[in-house]
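> next one to model:
(chains A, B and C)
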Amino acid sequence: MRGADVVVARVAPLEAARPGELSFITHAKYRRQLDDCEASAIIVSPRILESVSIELPMIVTPDPYLYFAKVATLFNPPQIAVAGVHPSAVLGSDSRVAASAEVREHVSIGARAVIGERCRLMPGVVVGDDCVLGDDVVLYPNVTIYHNCVLGDRVTIHSGAVIGADGFGLAWAGDAWFKIPQTGRAVIGDDVEIGANTTIDRGALADTVIGRGAKIDNLVQIAHNVQIGEYTAVAGCVGIAGSTRIGAYCTIGGAAMFVGHIEIADRTHIGGGTLVSKSIRQADTYASSYPLSTMKDWLSNAVHLRHLDELVGRVKQLEKEIKNIRNKEAPND
Amino acid sequence: MRGADVVVARVAPLEAARPGELSFITHAKYRRQLDDCEASAIIVSPRILESVSIELPMIVTPDPYLYFAKVATLFNPPQIAVAGVHPSAVLGSDSRVAASAEVREHVSIGARAVIGERCRLMPGVVVGDDCVLGDDVVLYPNVTIYHNCVLGDRVTIHSGAVIGADGFGLAWAGDAWFKIPQTGRAVIGDDVEIGANTTIDRGALADTVIGRGAKIDNLVQIAHNVQIGEYTAVAGCVGIAGSTRIGAYCTIGGAAMFVGHIEIADRTHIGGGTLVSKSIRQADTYASSYPLSTMKDWLSNAVHLRHLDELVGRVKQLEKEIKNIRNKEAPND
Amino acid sequence: MRGADVVVARVAPLEAARPGELSFITHAKYRRQLDDCEASAIIVSPRILESVSIELPMIVTPDPYLYFAKVATLFNPPQIAVAGVHPSAVLGSDSRVAASAEVREHVSIGARAVIGERCRLMPGVVVGDDCVLGDDVVLYPNVTIYHNCVLGDRVTIHSGAVIGADGFGLAWAGDAWFKIPQTGRAVIGDDVEIGANTTIDRGALADTVIGRGAKIDNLVQIAHNVQIGEYTAVAGCVGIAGSTRIGAYCTIGGAAMFVGHIEIADRTHIGGGTLVSKSIRQADTYASSYPLSTMKDWLSNAVHLRHLDELVGRVKQLEKEIKNIRNKEAPND
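Residues are numbered from 1 along each chain as shown, chains lettered A, B, ... in the order given. As a prediction, the model looks like this:
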C-alpha cells in the first residue's frame, strides 16, 4: 500500500498501536518494538532511518515526537467554550464576563473581575475580586484564584490549584508571630499551564511572576515574590522558597527544592530531588542526592558521613607520615 | 470479674484507656504502660503473654493490632449513604445515578457519567463527563474527577484529591513548549483509598492504573501512565514520575521520589525520603538519604562530598606508596 | 522637610519605593539601595544607624522589620466579615451560625456545627458535622473541614487546605489492608494560620493537635496524632509522619520530612530538605542534605558513597601499615 492511501484515525505508542493507528519512533533503541508493530504508519526521523529499516508507510520529519504531538492535537482538539453562565454561578458586582465565555455551575466570580473571551470556568471555580483573566483561559474544577490576580491569554490551570494565597510572611514579635500583609499579586503570563493542586502565592509587596509559556506540573509550591522565567518547565512536587528568581528556558526535575532569595541562570537544568541551596550563575545540569542503596548498604556506608571530616583528617595525617618516611629514606637512596 | 462479664463501649490506646474501654498491646516493650492502664479488657497475642503477665480480662489473638482494627470498626461503622440527590446538585445529560446513591449539595456530575449503588458524593464534588463509578464509592468534599475516568467498587477518595488531570506531556517546539494531548484515563481499582489533595494524572495515550486494594496517603503525585500494583501502600508526599511501574505488595515511605520510566519489583520496601533513580529488580528495602546531623557537623562533613573522588584518589595513592615502601623493605627482611 | 510633615500612603521595599511611600532597612549590607531610594521616609534601627548615614526622614526602632509589618497592617487592615448567609449556602440541621458571620455562596455547613462571631466562610467552603469554629475564623475558598474538628479563635485557613481527613491507618490482614477507623479529631489552636492545599489529618484514637499561634505554610502534610507546639513555624512542602511531636517555638525549613513516632525538642531549627529520622532531644539547628553539585561533579563523587565503608576500611588498613613501618623504624632511630 502506498503511503498516500493510508488512513489513520488515532495515534498510539509503538508497543500498543493497532491497524488504523499512527505511531512514532523517537530513538533507534526502540527498533525491536517495530517487529510486532501493527500501526498503519509511523513517524520517523532521517537519523533513525540511517540505522533502522522500516517496512511501514512513513512520515519522515526531523522531530518525530513533536510531529506526533501535533498530529495528536489534530485528532484531539481542545474543547471549545460553550458560551453562557449557569444560573447557579454567582457574579460579583461590576464583574465583566465575555459573552463567549463558559461559566459553569457553582462558580463564584468576585466584584469587578474581568473574564476574557472564550474562557472556560469549570464547576466550583472561585475567582476573587478585581482579578483579570485574558482570553481563552481554562480553569478546571475547584480552582481558586485570590483577589487582584492577573492571568494572561491561554492560561490553563488544573483542578485544586490555588493562585494568589498569602505568602508565608511573618515577623517575630517577641512572644508570637506577627503576620505581614501580603499586598502584591500573582501575575501569570500568556500560555502558562499550571498543574493540579499547585500553589502560587501572591507577592508580599511586589508581585509573584510566572513568565510567558512556563509549564508547571502538579503539587508545586511557589512562594511569594518568586519569579519564573519564560518557557521554564517545572516538574511535580517542586518547592521554590520566597523571592527566588529562576531564569528562562530552565528545566526543573521533580521534587527539587530551592531555598529563598537566590537566582538561577537561564537554561539551567536541575535534576530530580536536588536541594538548590545557593544561586547558580552558570547554566549547567545540577544534582545533589544520595545515591539509591539497599538499606543494608546504606546503613554501613551512610554512617561514615557523620565522620567524613575526621576521615579526611586521617588521610591528611597518612600523607604526612608517608612524606616523613620518604624523606628519611631519601638520604639512603 | 470474668472476661465474659466485661462490657466495653469503645477502643482506646494503652496509655489513655479508661474503664469501659478495650485496649491492645502490640509489643512486650510497652508492658510498663500496663501498670496504670485502666482499660476494662485488653487484646494481646500468645507471644506477648510469654513475657508479660496481665491481670486484665484478655482477648488472645495472634495479631492484636488487626483484631483492634476490626473491633474499632464494629464500634465505628462507616457512614451509610442517605439516598437522594440534593436540589443544588447538577446532573449532566444522560448521566445515571443509582437510586441508592447520596449526592450532596453543590455536586456536579458530567454528561453520561455513571454513579453506582450506595455511592456518597459529598458537597462540592465534581465528576466529569463519561466517568464510571462502581458501587459504594465515597468521594469526600471538593474531590475532582476529570472526564472519562473509572473508579472501581468501594473506592474512597479524600477531599481535594484530583483524579485524571492532564499529565505533564510537552514537546519542545524550538521556541515554546507544545502540549501533548493527554487522551488516556485514570483507572482506579476496587478497594483503593486515596488521601487528601493527592493528584493522579490521566494517561497520555495509555491509562494510569492504580491496582486493586492499593492505599495512597495525602499529597502524593502520581504522573501519567504510572502503574501501581495491587495492595501497595504509598505514604504521604511521595512523587512518582511518568510511566514508572511499581509492583504489588510494596510499601513506599513518605516523601520518596521516583524518576520516570522505571520498574520496581513486587514486595519492595522504600524508606522515607528515598530518591529512586533507577529500576529495582530485586525485592529488598532501599534508602538514599544523608543522615541527620547538627548544622555544625553537617557543615564540616558534607563539604567533603564535593571532593570525595579526590579523596578516593588520595587513598589509592597512599596504598601505592605503602606498597612501594614494603617492596623496598622486603629484600631486607 | 521635617519628619513630622511627611505623609506616606503605602509601604514599599527599598529598591522599589516611590515618593509617598515608607520603606525600611533591615541590615547595613543593603545601604547601597539607599542611594537611589525615592521613599519619603524610612524605618531603621539604632544599630544600622551606627554604620549607615541616612538623609531621609526616619522612624528609629529596634526591629525595623516588625515595625514595617505593623505599619503595613495599618495600611492594609484585614477584611471585615459582611454578616449574612448567602441563599445558596446549605446549613445542616441544628447548626448554629453567629449573626455576625459571613457565609458565602456554595458553602456547606454540617449538622450541629457551630460557627463563631465574625467568621468568614468563603465560596465553596465545606464544614463537616459537629465542627466547632471559634470567633474571627477565616476559611478561604474551597477549604474542607471534616466532621467533629475544632478551630480556635482567629484561625485562618487558605484555599484547598483539608483539615481532619482520615489518617493513613492500616493493618495488614494477610491478603489485603484493613482500614483502622480514624475516630480522633483535628484540633487547631487560636491564632493558627494554615497554608493553601495543606493537609492535617484527624487523629486515629486521640487527636491531632496544632498549638496556639503555630504557622503552617502551603502543601504541608501533617499525619494523624501529630502534635505541633505553640508558635512553631512550618515552611512549605514539609511532611510530618504519624504520632510525631514537634515542640514549641521551632522553625521547620521547607521540604523537611519527619518520620513517625519521634519527638523534637522546643526551639529546634530544621534546615530545608532535612530528613529527620530520629528524635531530637537537644535544641540546635539540624541539616541532612547532599550539597549542590554540577551533575558532572556529582557523578564522579556520589558514586563513592556506595563504597564509603570500604574506603574507611582502606584508611584503617593504611594506618595499621604505617604504624608497622614506624615500629620497624623505631629500633634504628
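
> packing partners for the longest helix along chain A?
Longest helix in chain A, counting residues (DSSP state H): helix A:308-329. With contacts defined as 3 or more CB pairs under 8 Å, 6 or more residues apart in numbering or on different chains; DSSP states H and E, the packing partners of helix A:308-329 are helix B:295-302, helix B:308-329, helix C:308-332. Just so you know, the C-beta spots here come from the backbone N, C-alpha and C atoms, and that holds for glycine as well.

> tell me what A:T144 is bridged to.
With DSSP bridges as the criterion, A:T144 is bridged to A:V126, A:V162.

> so which residues make contact with the longest helix of chain A?
Contact with helix A:308-329 is made by A:304, B:300-305, B:311, B:314-315, B:318, B:321-322, B:325, B:328, C:311-312, C:315, C:318-319, C:322, C:325-326, C:329, as judged by CB atoms under 8 Å, 6 or more residues apart in numbering or on different chains.

> okay, the helices and strands packed on helix A:308-329, which one's buried deepest?
helix B:295-302 (a mean of 18; mean count of other CB atoms under 10 Å in any protein chain shown).

> what angle do that helix and helix A:308-329 make?
40 degrees (axes from the mean of the first three to the mean of the last three CA atoms, to 10 degrees).

> contacts for helix B:295-302, please.
A:305-309, B:290, B:293, C:271, C:284-291.

> and stretch A:23-31, by the same measure?
So stretch A:23-31 is contacted by A:11-14, A:17, A:33-34, A:37, A:39, A:41-44, A:48, A:51-52, A:54, A:64-65, A:67-68 (CB under 8 Å, 6+ apart).

> now stretch A:57-76
A:1-3, A:6, A:9-11, A:22, A:24-26, A:40-46, A:48-49, B:169, B:171-173, B:178-181, B:183, B:205.

> and the residues you listed, which are buried?
A:6, A:10-11, A:22, A:24-26, A:40-45, A:48, B:169, B:171-172, B:178-181, B:183, B:205 (16 or more other CB atoms under 10 Å in any protein chain shown).

> who are the contact partners of the residue positioned nearest the centre of chain A?
The centroid of chain A falls nearest to A:V234 when counting by CA atoms, centre = their mean (2.5 Å). Listed by CB under 8 Å, 6+ apart, the contact partners of A:V234 are A:214-217, A:220, A:228, A:240, A:246, A:252.

> list the contacts for the closest residue to A:L219 other than its chain neighbours?
Once flanking residues are discounted, A:L219 sits nearest to B:Q221: 4.7 Å by CB to CB, 6 or more residues apart in numbering or on different chains. Contacts for B:Q221 (CB under 8 Å, 6+ apart) come out as A:217-219, A:236-237, A:254, B:198-199, B:238-240.

> surely A:G160 is in contact with C:A196?
No - using CB atoms under 8 Å, A:G160 makes no contact with C:A196, being 9.6 Å away.

> which neighbours do those two share?
C:G160.

> for the residue nearest to the centre of chain A, grab phi and psi.
When read as degrees, to the nearest 10, the backbone of A:V234 gives phi -120, psi 110.

> which strand residues bridge it?
As assigned using DSSP bridges, the partners bridged with A:V234 are A:I216, A:I252.

> isn't there a helix covering A:Y67?
Yes - counting by DSSP: H, G, I helix; E, B strand; the rest coil, A:Y67 is found in a helix.

> how close does it sit to B:E329?
70 Å (CB to CB, to the nearest Å).

> which regions of the stretch 1-150 of chain A lie under the pLDDT threshold?
The stretch 1-150 of chain A contains residues with pLDDT under 70 at A:1-4.

> over to the stretch 201-333 of chain A?
Looking at the stretch 201-333 of chain A by pLDDT under 70, you get A:330-333.

> give me the neighbour count for A:D175.
Using other CB atoms under 10 Å in any protein chain shown, A:D175 has 8 other residues around it.

> show me what contacts it?
C:Y231.

> what's it sitting at in phi/psi?
According to degrees, to the nearest 10, A:D175 has phi -130, psi 0.

> just the pLDDT at it, thanks.
On the pLDDT scale, A:D175 is placed at 96.

> enumerate every residue touching A:A98.
Listed by CB under 8 Å, 6+ apart, the contact partners of A:A98 are A:115-119, A:135.
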